[in-house]
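Enquirer: Curious how this folds, go ahead:
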Amino acid sequence: MLKKLRIRFLCVTMVIVLGMLCVIFGLVLSFTSRSLEQESIRMMQSIGSGPGHLPRPGERQEAVYLPYFSLQFGPHGELLAAGGSNFDLSDQEYLLSVAAAAQGQEGQIGVLDEYNLRFYKSTGPGPKSLVFADLSAEQATMRGLARNCLLIGLLSLAVFFVVGLIVARWAVKPVEQAWQKQRQFVADASHELKTPLTVILTNAELLQESTADPVQLENSAASILTMSRKMRGLVEGLLELARVDNGSIRTSMETVDLSGLVSDGLLPFEPLFFERQLELLQQVQKDIVVRGSESHLRQVLDILLDNAMKYTHPGGKVQVLLKRQGAHGLLTVSNTGEPIPQAELKLIFERFYRVEKARGMSGSYGLGLSIAQQIVEEHRGRIWAESREGTNRFFVQLPVLSIRKETEK
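Expert: The predicted structure is shown next:
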């Protein structure tokens, strides 16, 4: 599919380039041909503008650039004189036949294709005269220009073809990355669902056996319940990702007191941290207000706190800090524990990604941070992680609407 998309992109680009080159070169050829024609006509008009004066062979005439000759006729049509430049005027029969062909055509200016000449009939007082200009130089110029345009066009097409290949790969790269992520997502989701389904099916088969031990039946039922809950958690995470991807957050935007949200959001976690013998510290600056979805922002806080609680060593501490930083509010959730490798600080926000296999035993599906990232980006914010000196820190930066002035109690 991606290969066809690149080919289609390249074909569309080449068609557009070919059309533009045809239009440009067509205009150049048309304007040049028109200019040469007008120049030839002005030259003939200049020559025929002086009745009674016929340039002698070899005489230079102002505004004369092309080979020409002119003929003057008497009142009865007899040839009185002939003169010009770069023409053999000794053949009277040729001159009379050319003059007859020109006089046989209507109009003051015309072209004699059989003689490769352009003519001009003088209408001034005095003897009638005809001025002829050779078209060979004009046609040679146009043939040379057309040949150069063709050569330039072919070279341009070759260059644009190479550039088009590079641009096609660059333009399709985001689509390719999205396609690869989608394929990886489907594979990871299938893998995460395969294990609990296998356990459920195995235990369900044991429950069907009438000779099975009651204890074993009880364990099988408990295993089915555990795996079903795990599958439900995974499916709920997938549904939440789908809702966030579909832009459900934008419909619930409102003014949110982020300071109050963080303070209230820490309360349910305090007994959980206490049971795990973890120290939970907080430092929340008051009256930081943002525009967003309160439920989704609380979900981001829950994800970060749950993540810190899972990966903090017993006896460690988790610190939550909220402060204003310029035009943004900065939420920091840090915990002591196993440091995250620098190469994986960005990868941990990918779907189903876990830093190490051991973390998979914690009950995490690798979806929480990905959901948090989607929510923060929908709020025009930024989320990132840092790890140094034995502390892992997760930052959430959101644009601040305003800071309410504290009221004295």
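
Enquirer: Backbone dihedrals for Pro339, both of them.
Expert: When quoted as degrees, to the nearest 10, the phi and psi of Pro339 stand at phi -70, psi 150.

Enquirer: Excluding chain neighbours, what is closest to it?
Expert: Closest residue to Pro339 apart from its sequence neighbours, by CB to CB, 6 or more residues apart in numbering: Ser387 at 4.7 Å. All C-beta spots, glycine's among them, are computed from the backbone N, C-alpha and C.

Enquirer: Over to Leu18?
Expert: Leu157 (6.7 Å).

Enquirer: Look at the one you found and tell me its secondary structure.
Expert: Taking DSSP: H, G, I helix; E, B strand; the rest coil as the rule, one finds Leu157 in the helix state.

Enquirer: Please name the strands paired to the strand or helix carrying the residue nearest to Pro339 in the sheet, noting orientation.
Expert: Per DSSP states H and E: Ser387 is located in strand 382-388. Its sheet considered, strand 382-388 pairs with strand 391-403 (antiparallel) by DSSP bridges.

Enquirer: Strands of this structure, start to end?
Expert: Assigned by DSSP state E, the chain shows strands spanning 68-73, 79-85, 109-112, 117-121, 128-134, 254-257, 279-284, 288-292, 317-325, 328-336, 382-388, 391-403.

Enquirer: Residues contacting the fourth one from elsewhere in the structure, which ones?
Expert: Strand 117-121 has contacts (CB atoms under 8 Å, 6 or more residues apart in numbering) with 37, 40-41, 44-45, 47-48, 98, 102-103, 105, 108-112, 128-135.

Enquirer: and what of the longest one?
Expert: Contacts to strand 391-403, defined as CB under 8 Å, 6+ apart, come from residues 255, 258, 287-292, 300, 304, 307-308, 311, 324-325, 327-337, 339-340, 372, 376, 379-387.

Enquirer: Pick out the residue closest to the middle of the chain.
Expert: Against the mean C-alpha coordinate of the chain, by CA atoms, centre = their mean, the closest residue is Ala171 at 5.6 Å.

Enquirer: What segments of this protein are helices?
Expert: Secondary structure of the chain by DSSP state H: the helices cover 2-48, 92-103, 136-208, 214-245, 258-266, 269-275, 294-310, 368-378.

Enquirer: Okay, angle between the first one and helix 136-208 too, please.
Expert: So that's helix 2-48. Inter-element angle recorded for helix 2-48 and helix 136-208: 170 degrees (by axes from the mean of the first three to the mean of the last three CA atoms, to 10 degrees).

Enquirer: I'd like the distance between Cys11 and Phe161.
Expert: For Cys11, the distance to Phe161 equals 11 Å [CB to CB, to the nearest Å].

Enquirer: again, but for Ser387
Expert: 47 Å.

Enquirer: What is the burial count for the residue nearest to Ser370 when sequence neighbours are not counted?
Expert: Spatial nearest neighbour of Ser370, excluding adjacent residues (CB to CB, 6+ apart): Arg351 at 4.5 Å. Burial of Arg351 is recorded as 21 neighbouring residues (other CB atoms under 10 Å).

Enquirer: Next, count neighbours for Pro196.
Expert: A count of nearby residues for Pro196, using other CB under 10 Å, gives 19.

Enquirer: which ones are touching it?
Expert: Met227, Ser228, Lys230, Met231, Leu234.

Enquirer: Return the distance of the residue nearest to Ser370 relative to Leu261.
Expert: 26 Å.

Enquirer: tell me the pLDDT at Phe185?
Expert: We note a pLDDT of 67 for Phe185 in this prediction.

Enquirer: Ok, Leu278 next?
Expert: pLDDT at Leu278 comes out at 91.

Enquirer: Lys286 touches Leu261, doesn't it?
Expert: No. Taking CB atoms under 8 Å as the definition, Lys286 is not a contact partner of Leu261, at 12.0 Å.

Enquirer: Comparing the two, which residue is more hemmed in?
Expert: Comparing Lys286 with Leu261 by neighbour count (other CB under 10 Å), the higher total belongs to Leu261, at 22 against 12.

Enquirer: got the CA coordinates for stretch 222-235 in CSV?
Expert: What follows is stretch 222-235, C-alpha atoms only, in CSV (Å, rounded to 0.1, in the frame of the first residue of the first chain):
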residue,chain,number,x,y,z
ALA,A,222,-10.6,-17.8,40.6
SER,A,223,-8.1,-17.8,37.7
ILE,A,224,-10.9,-17.2,35.2
LEU,A,225,-12.1,-14.2,37.3
THR,A,226,-8.6,-12.8,37.5
MET,A,227,-8.0,-13.1,33.8
SER,A,228,-11.4,-11.6,33.0
ARG,A,229,-10.7,-8.6,35.1
LYS,A,230,-7.4,-8.2,33.4
MET,A,231,-9.0,-8.4,30.0
ARG,A,232,-11.6,-5.9,31.1
GLY,A,233,-8.9,-3.5,32.2
LEU,A,234,-7.2,-3.8,28.9
VAL,A,235,-10.4,-3.4,26.9
